[in-house]
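# Based on what follows, work out the 3D shape:
(one chain, ligands or ions: 2)
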Amino acid sequence: MKTFPEVLTVRPILSAAGEVPMPGSKSISNRALLLAALSSGRTELKGILRADDTERMMESLRKLGVSVEIDEGNPESVTVEGCGGRFPVRSAELFLGNAGTAARPLTAALALAGGSYLLDGVERMRERPIGDLLVALRSLGAEIECLNREGYFPLRIGERRSVSGKASCHISGEVSSQFITALLLSSPVYSGPEGLEIIVDGHLISRPYVLMTLKLMEQFGVHAEDQGDRFFVPHAEYRRGNPYLVEGDASGASYFLALGALSGPADGPGVRVTGVGRDSIQGDVQFAAFLERMGARIAWGENWIEARPPVSGKLHGIHADCTEIPDAAMTLAAIGLMAEGETVLTGIGSWRVKETDRIAAMQAELSKFGADVKTGDDWLSVTSPQKLLPAEVSTYKDHRMAMSLSLAACGGVSVRILDPGCVSKTFPDYFERLAGLVKTAPLTDKD
Ligand SMILES: O=C(O)C1=C[C@@H](OP(=O)(O)O)[C@@H](O)[C@H](O)C1
Ligand SMILES: C=C(OP(=O)(O)O)C(=O)O
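Numbering: from 1, shown residues only. Ligands and ions are numbered 1, 2, ... in the order given. Next up, the predicted model:
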């Protein structure tokens, strides 16, 4: 396991340039792992992210009796023996850490498969709501008991009752799109012969993640019909003939694109991220378009994205509806420290129930740099100060707090990051990749 210091200082960044490959997408990796497990036959997965969130999924699948073999010479290559939805182990205790993309989809799969399972996670996972998903699963006959508090982890799953003639369910789309993803992924395998209609109540947040789910299902041989506020999933078998290649992580790419847009030289080559590009199935590639609205110069290729600063040298604040890019939106908040004027993010209510209350955490930490930060239930505004102050920042066990706040070093200040190891959730070697692209201010007597 990789070790981290208690505090990591990112020195003032003077310039940034170069090309950086992205590790596999967390969202695609965990979907592909589960789909491979639910498939009939063997699937080879390539480019799988190796980080805490995907370890939790692989470890859980193994405890369920699924063979998940890592190629020792190439740890991003993983071969999974599918069980067609019939997990060999019918009684197990799973620890899901704080991985939403493992916890929610596995809850649905196991509740619909039925058995005797106990699911738990870290303390924060016990505070992240899952009630809407449980209501939908129970309506389909699942037996789920919440051991501490209704609607939250830890859960005990029992045998599923058969509910005759039940081919539809309702689910709220307002708290997390992962609930809908969870139902979609399991539906082909566990529905009755007539399939399942999933009706979304209320506004569906983070929709691109649901579209990503539909794409992956398709890539594993099952077509579900998308009618906007409802989905029709046939009863069908997942099967993947050829190896599946996971794209680079678009949310992780947002930090490096921001780096390219915030750090000169203006006539330099900028920063290019590879492994993810124009043809991506990840909604977070849209971050590049937001960056462009802030004045950055962006170029796209099939498998890469590049960012350079504006000709004027300085980005400007924008009003951004972030309902579709909740994760990359945190990068926009950090950019707000250095963009001229005010940066306003709306549609970020879901930040309150992620790794930490990200609205409160961002307000506290961005303020340390001297910015004026205002917040409401589902929005945040940052007005950049005349001159940034150096700061020591807390990270709240939230990988995105660490990664996005490291960018403040582009504003000519040192950033002391507490518990930098929290990046292990999705991007263990983030700081090494950052260091490989930047020139920083030399140490002085004051350091
Ligand atoms: O389905 C996914 O892979 C994800 C969906 C999003 O969550 P919400 O739907 O809860 O916003 C996102 O924040 C998370 O990091 C990954
Ligand atoms: C919200 C996130 O993670 P999770 O998949 O645990 O919801 C995230 O990665 O920003």
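
# what's the neighbour count on Lys72?
For the record, residue 72 is Glu, not Lys. 7 (other CB atoms under 10 Å). Glycine gets a C-beta too; all of them are placed from N, C-alpha and C.

# Pretty sure it sits in a helix.
No - counting by DSSP: H, G, I helix; E, B strand; the rest coil, Glu72 falls outside a helix, being coil.

# helix, strand or coil for the spatially closest residue to Leu216 that is not a sequence neighbour?
Nearest residue to Leu216, sequence neighbours excluded (CB to CB, 6 or more residues apart in numbering): Arg31, at 4.8 Å. Following three-state DSSP, we place Arg31 in the helix state.

# Quick check, pLDDT for Arg31.
pLDDT, Arg31: 99.

# which residues does it contact?
Thr101, Pro105, Thr181, Leu185, Met212, Thr213, Leu216 (CB atoms under 8 Å, 6 or more residues apart in numbering).

# host element of the third one?
Under the assignment given by DSSP states H and E, the secondary-structure element containing Thr181 is helix 178-190.

# Name the next helix or strand downstream of that helix, please.
Next element after helix 178-190 (DSSP H and E): strand 196-201.

# Could you tell me how far the residue of the chain found nearest ligand 2 is located from Lys425?
Proximity of the chain to ligand 2 (CB to the nearest ligand atom) peaks at Gly100, 2.7 Å away. According to CB to CB, to the nearest Å, Gly100 and Lys425 sit 10 Å apart.

# between the two, which one's more packed in?
Counted by other CB under 10 Å, Gly100 and Lys425 do not tie: Gly100 has more neighbours, with 25 against 22.

# Return the residues in contact with the more buried one.
Arg128, Ser176, Gln178, Lys354.

# now do Pro390
By CB under 8 Å, 6+ apart, Pro390 lies in contact with Val413, Ser414, Val415, Arg416.

# Show the model's pLDDT score for it.
Reported pLDDT for Pro390: 97.

# Show me where the chain has its helices.
Under the criterion DSSP state H, helices of the chain are mapped to 26-38, 52-63, 100-113, 131-139, 178-190, 207-219, 250-262, 287-293, 329-335, 358-367, 399-406, 430-435.

# if I pick Lys397, what's in contact with it?
Asn98, Val122, Arg124, Glu355, Thr356, Asp419, Cys422.

# Just give me the neighbour total for the second one.
For Val122, the number of neighbouring residues by other CB under 10 Å comes to 17.

# repeat for the one 4 residues further on
Using other CB under 10 Å, Arg126 has 16 neighbouring residues.

# unless I'm mixing things up, it is touching Leu147, no?
No - if you go by CB atoms under 8 Å, Arg126 and Leu147 don't touch, sitting 9.6 Å apart.

# hey, what's in contact with both of the two?
By the contact definition CB under 8 Å, 6+ apart, Arg126 and Leu147 are jointly contacted by Pro154.

# Just give me the neighbour total for Gly241.
9.

# can you check the one 4 residues further on too?
When neighbours are counted by other CB under 10 Å, Leu245 registers 14.

# Can you check the pLDDT for the residue lying closest to Ala307 once chain neighbours are set aside?
Using CB to CB, 6+ apart and skipping residues adjacent in sequence, the residue nearest Ala307 is Gly260, 3.5 Å away. On the pLDDT scale, Gly260 is placed at 98.

# Quick check: Gly260 touching Ala253?
No - applying CB under 8 Å as the test, Gly260 and Ala253 come out as separate, 10.4 Å apart.

# Can you spell out the domain ranges of the chain, please?
The record assigns the chain these domain ranges, following automatic domain parsing: 7-24+247-440, 26-245.

# Tell me which of those domains approaches Met1 most closely.
domain 7-24+247-440 (8.4 Å; CB to CB).

# can you tell me how far Val373 sits from Arg156?
Separation of Val373 from Arg156 (CB to CB) stands at 41 Å.

# do the same with Arg126
Counting by CB to CB, the gap from Arg126 to Arg156 is 14 Å.

# on that earlier part again, reformat the helices of the chain as JSON lines; add distance to Gly341.
JSON lines is the format used below for the helices of the chain (distance: least, CB to CB, whole Å):
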{"stretch": "helix 26-38", "distance to Gly341": "32"}
{"stretch": "helix 52-63", "distance to Gly341": "36"}
{"stretch": "helix 100-113", "distance to Gly341": "34"}
{"stretch": "helix 131-139", "distance to Gly341": "38"}
{"stretch": "helix 178-190", "distance to Gly341": "34"}
{"stretch": "helix 207-219", "distance to Gly341": "28"}
{"stretch": "helix 250-262", "distance to Gly341": "15"}
{"stretch": "helix 287-293", "distance to Gly341": "13"}
{"stretch": "helix 329-335", "distance to Gly341": "12"}
{"stretch": "helix 358-367", "distance to Gly341": "15"}
{"stretch": "helix 399-406", "distance to Gly341": "19"}
{"stretch": "helix 430-435", "distance to Gly341": "27"}
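
# would you turn these into JSON lines with distance to ligand 1?
Listed next are the helices of the chain as JSON lines, based on distance: least, CB to the nearest ligand atom, whole Å:
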{"stretch": "helix 26-38", "distance to ligand 1": "3"}
{"stretch": "helix 52-63", "distance to ligand 1": "9"}
{"stretch": "helix 100-113", "distance to ligand 1": "5"}
{"stretch": "helix 131-139", "distance to ligand 1": "11"}
{"stretch": "helix 178-190", "distance to ligand 1": "5"}
{"stretch": "helix 207-219", "distance to ligand 1": "4"}
{"stretch": "helix 250-262", "distance to ligand 1": "7"}
{"stretch": "helix 287-293", "distance to ligand 1": "13"}
{"stretch": "helix 329-335", "distance to ligand 1": "9"}
{"stretch": "helix 358-367", "distance to ligand 1": "10"}
{"stretch": "helix 399-406", "distance to ligand 1": "9"}
{"stretch": "helix 430-435", "distance to ligand 1": "15"}
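
# All good on my end, thank you.
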